[in-house]
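Enquirer: Coordinates only, no sequence provided:
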DNA sequence: AGCAGAATGAAAACCGTTGTCGTTTTCGTG
DNA sequence: CACGAAAACGACAACGGTTTTCATTCTGCT
């Protein structure tokens, strides 16, 4: 139920970047954990269902996960190192709401992700 | 080099919804076109590279495509029928820009998708 | 027409993800 | 502490969307 599930959660808590399931699995194994890939997937799914982690699809369709605070928020993601900052934006919320209403849409949801290169990666660049 | 590539583009132009590659392939076959799935994929990729179509990853990781006008814009997508409206929002652009700068990020890009149920699907619902 | 190079597509390879199912662990109860 | 049911685990197989391979076909050029 939760010795390895807790371990997955801990691994996610180690840093603030979006990681793929396989990456997480590899890191855990490297750290000496005895856990199967299947369990990592299931744990991540459970955590996602419980809104304990955010899920993001990368451009190539791979799912990436990240521990996150509860509540509605968006992400500012470094496209090089994956580091993520949680941001919020009232402006976006109201804009999405208004635009949808104007077109007769109801039951509105939205996804917003901002990508860029973080200050550290800029300095570290060749 | 483009009898079937043109055909793919035409198929996309038929309506304003995001369609998966397989869906597009099936529709074309049903319409009497003699085209392979591989070619559909390749055509879509070429069109995407040329910024002739927008690509969107659905929650289950499947890629969906839609003909779109040039230039930066976002989408308001009906989660039932897939119908899409192109929208733009200066408010979002400036917000993304500001938030990124505040955190020292450069070379900023962003994705914004708004989902909802369109007026027609609301009426048609049970 | 003849030819080189690009495009096509059937089938196989890929790869992330999910299902299967026998084994192990956890936990409540006697 | 021992038992037994129920949940979790994990090696492996299966799945499904996408990409690659490679032999064949088509295009545009001379």
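Expert: Received it, and whenever you're ready, just let me know what you need. Given the structure is predicted, the values throughout are model-derived calculations rather than measurements. Numbering: from 1, shown residues only, chains lettered A, B, ... in the order given.
Enquirer: ranges for the helices of chain A?
Expert: With helices called from DSSP state H, chain A shows them at A:3-13, A:21-30, A:37-49, A:90-102, A:119-124.
Enquirer: For chain A, which residue gets nearest to DNA strand D?
Expert: residue A:36 (2.4 Å; C-beta to the nearest atom of the strand). In short, each C-beta sits where N, CA and C put it, glycine included.
Enquirer: okay, now the closest residue to DNA strand C within chain A: neighbour count?
Expert: DNA strand C sits closest to residue A:63 of chain A, with a gap of 3.2 Å, by C-beta to the nearest atom of the strand. Using other C-beta atoms under 10 Å in any protein chain shown, residue A:63 has 19 other residues around it.
Enquirer: got it, and residue A:34?
Expert: 9.
Enquirer: Dihedrals phi and psi, it?
Expert: Per-residue torsions, residue A:34: phi -100, psi 90 (degrees, to the nearest 10).
Enquirer: For it, which residues are in contact?
Expert: For residue A:34, the contact set (C-beta atoms under 8 Å, 6 or more residues apart in numbering or on different chains) is empty.
Enquirer: And the residue of chain A closest to DNA strand C, how far from residue A:53?
Expert: 11 Å (C-beta to C-beta, to the nearest Å).
Enquirer: And residue A:47, by the same measure?
Expert: 5 Å.
Enquirer: which of the two has more neighbours?
Expert: residue A:53 (23 against 19).
Enquirer: Hmm, residue A:43 and that one touching each other?
Expert: No: Residue A:53 lies out of contact with residue A:43 (C-beta atoms under 8 Å); the separation is 9.6 Å.
Enquirer: so what's the residue of chain A closest to DNA strand C scoring on pLDDT?
Expert: pLDDT recorded at residue A:63 is 97.
Enquirer: I figured it hits residue B:58, correct?
Expert: No: between residue A:63 and residue B:58 there is no contact under C-beta under 8 Å: 11.9 Å.
Enquirer: Is any residue of stretch A:8-24 near DNA strand C?
Expert: Yes: interface with DNA strand C: stretch A:8-24 contributes A:20-22 (C-beta under 7 Å from any atom of the strand).
Enquirer: and which of those is nearest residue A:123?
Expert: Residue A:123 lies nearest to residue A:20 out of the residues of stretch A:8-24 next to DNA strand C, by C-beta to C-beta, at 26.0 Å.
Enquirer: can you count the residues close to the closest one?
Expert: Neighbours of residue A:20 using other C-beta under 10 Å come to 15.
Enquirer: Then residue A:36?
Expert: For residue A:36, using other C-beta under 10 Å, the count is 11.
Enquirer: Can you check which residues contact both of residue A:47 and residue A:53?
Expert: With C-beta under 8 Å, 6+ apart as the test, residue A:47 and residue A:53 both reach A:12, A:65.
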